[in-house]
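**Q** Could you look at this predicted model? Sequence included:
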Amino acid sequence: MLVLLVSPAGAGAEDAPAAVPATPPSPEQPATPPGDKPAAAPAEQPAPPPGEQAAPSAGKPPAPQPDTPAPPAEKPAAATDKPADDTRESDTREAMCLMIESAARANDLPLEFFARVIWQESRFQADAVGPITRSGQRAQGIAQFMPGTANERGLLDPLDPVQALPKSAEFLSELRNQFGNLGLAAAAYNAGPRRIQDWLAGSGYMPQETRNYVSAITGSSVDDWAAAGRNGKMPARAPTTSCRELMALLKRAPNPFVAGLEQHITLSAAKVWGVQLAAGFSRDKALAMYARAIKRLSNVIGDQDPSLLGSRLRSRGSAMFYQVRIGADTRPEADGLCNRIRKAGGACFVLKNRA
């Protein structure tokens, strides 16, 4: 049975932090339990609209100069006009869809499958760069090619989506032919073909990250896809959806990393000390913050499962404050882990868990 640890109202969620990073907290830095609030910055006066001067505080307005022609009246913007940022985003989405559709069609891949692979890899960000792997390299670009794989595939610039998307679709098509179906192709794209071969042969294991990856893309487990390869009964495919509709759906979909965390997170403090990596009043946002952190810190944290603690604070009434921590048996052990996280560019606090 999983139990969410809740501290009584007014009780501190933990002892004082052992150390606080010297640099100001970034948006990814874990929040400490609310209490002391920073002084509010003085309110700024809104700037006047472009082309206008601020009105004087008192007195009559200056008389118009007879030789100065009045400026032409500006045409009010139509209610349907879109902001420039929205227009640019729409244009980018349209261009991305055209490239994804073209690459999928050229390699006989279902559009939904290919678009979901790219979404899982980079959230459609052409300049995405992954965390440093054990080999000291990073996956790059919209399709997250490792340098060695990019070289093997003849991809000159992984950060150029015009080059990367066709190479990604081509690779997935070859993996489907090699392993027999799309689910195992996705698994091989994520974990590497050799690992999937070993797993199918019974001499290797399937990483949890890859299990989550395949489920998020296909809606079926990698075990179901392996069974389908043996009996020929393929899992049901998703209904046909346009790329634009799919992009909108994916952007509203739950964070897949959070969904993966839900499968192995401990809803209580399993150890005396904790290294806190994320916190907030929203459970999902705290988990999403942690998911982003471990993507960068996987080499430091390893496969340790986090704990999710909750406490109610008197100043916030019944609102629950969630904290995500990696457990440690001793204070020195927790300090050591936090120091390694900071050296790797992360942020953390060492805190004592409530029994």
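**A** Received it, and whenever you're ready, just let me know what you need.

**Q** which intervals of the stretch 1-150 of the chain have sub-threshold pLDDT?
**A** The model of the stretch 1-150 of the chain has pLDDT under 70 over residues 1-91.

**Q** same thing but at 50, please
**A** Along the stretch 1-150 of the chain, the model assigns pLDDT under 50 to residues 1-29, 34-82.

**Q** try the stretch 251-355 of the chain
**A** 253-268.

**Q** Tell me which stretches of it form strands.
**A** For the stretch 251-355 of the chain, the strands defined by DSSP state E, counting those that start in this stretch occupy 273-280, 306-312, 320-328, 349-352.

**Q** With mean neighbour count and distance to Gly148 as added columns, please give these in JSON lines.
**A** The way it works is simple: take the backbone N, C-alpha and C, and place the C-beta from them, glycine included. Converted to JSON lines, the strands of the stretch 251-355 of the chain look like this (neighbours: other CB atoms under 10 Å; distance: least, CB to CB, whole Å):
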{"stretch": "strand 273-280", "mean neighbour count": "25", "distance to Gly148": "31"}
{"stretch": "strand 306-312", "mean neighbour count": "22", "distance to Gly148": "31"}
{"stretch": "strand 320-328", "mean neighbour count": "23", "distance to Gly148": "31"}
{"stretch": "strand 349-352", "mean neighbour count": "24", "distance to Gly148": "37"}
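
**Q** Among those, which comes closest to Leu165?
**A** Leu165 lies closest, by CB to CB, to one member of the strands of the stretch 251-355 of the chain: strand 273-280, at 32.6 Å.

**Q** Which parts of the stretch 201-350 of the chain are helices?
**A** Using DSSP state H, counting those that start in this stretch, the helices of the stretch 201-350 of the chain run over 208-218, 222-231, 243-252, 256-262, 283-301, 331-343.

**Q** I'd like the strands of the stretch 251-355 of the chain laid out as JSON lines, including distance to Ala227.
**A** As requested, these are exported to JSON lines (distance: least, CB to CB, whole Å):
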{"stretch": "strand 273-280", "distance to Ala227": "37"}
{"stretch": "strand 306-312", "distance to Ala227": "31"}
{"stretch": "strand 320-328", "distance to Ala227": "35"}
{"stretch": "strand 349-352", "distance to Ala227": "45"}
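
**Q** What lies in contact with stretch 198-207?
**A** Stretch 198-207 has contacts (CB atoms under 8 Å, 6 or more residues apart in numbering) with 179, 184, 187, 191, 195, 197, 222, 226, 229.

**Q** Okay, and Asp157 sits in which element?
**A** Following DSSP states H and E, one finds Asp157 outside all helices and strands.

**Q** wait, what's in contact with the nearest residue to it once chain neighbours are set aside?
**A** Using CB to CB, 6 or more residues apart in numbering and skipping the chain neighbours, the partner closest in space to Asp157 is Gln163 (5.6 Å). By CB under 8 Å, 6+ apart, the contact set of Gln163 is 155-157.

**Q** Tell me the one of the residues you listed nearest Val129?
**A** Nearest to Val129 among the contacts of Gln163, counting by CB to CB, is Asp157 at 13.3 Å.

**Q** need the contact list for the closest one.
**A** Applying CB under 8 Å, 6+ apart, one finds that Asp157 lies in contact with 141, 163-164.

**Q** Select from those residues every entry located in strands.
**A** Among the contacts of Asp157, no member is found in strands (DSSP state E).

**Q** Relative to Lys343, which of those is nearest.
**A** Gly141 (27.1 Å).

**Q** how deep is the residue lying closest to the closest one once chain neighbours are set aside tucked in, by neighbour count?
**A** In this structure, Gly141 finds its nearest non-sequential neighbour in Pro158, 3.7 Å apart by CB to CB, 6+ apart. Neighbours of Pro158 under the rule other CB atoms under 10 Å: 27.

**Q** Pro158 and Ala227, how far apart?
**A** Distance of Pro158 to Ala227, given as CB to CB, to the nearest Å: 34 Å.

**Q** One more: Lys167?
**A** Taken as CB to CB, the span from Lys167 to Ala227 is 30 Å.

**Q** Looking at those two, which one has more neighbours?
**A** Between Lys167 and Ala227, counted using other CB under 10 Å, Lys167 has the larger neighbour count: 20 against 14.

**Q** In contact with the more buried one, which residues are there?
**A** Taking CB under 8 Å, 6+ apart, we find Lys167 in contact with 143, 145, 150, 153-155.

**Q** and with 6 Å instead?
**A** With contact set as CB atoms under 6 Å, 6 or more residues apart in numbering, Lys167 has these partners: 153, 155.

**Q** any idea which helix or strand carries it?
**A** Per DSSP H and E, Lys167 falls inside helix 161-179.

**Q** For the next helix or strand after that helix, which helices and strands make contact with it?
**A** Following helix 161-179 in sequence order, the next helix or strand is helix 182-191 (DSSP H and E). Helix 182-191 sits against helix 161-179, helix 208-218, helix 222-231, with contacts defined as 3 or more CB pairs under 6 Å, 6 or more residues apart in numbering; DSSP states H and E.

**Q** just checking, what packs against the second one?
**A** Using 3+ CB pairs under 6 Å, 6+ apart as the contact definition, the elements that helix 208-218 packs against are helix 111-122, helix 182-191.

**Q** Mind listing what's buried along that helix?
**A** Neighbour counts over helix 208-218 (16 or more other CB atoms under 10 Å) mark 210-218 as buried.
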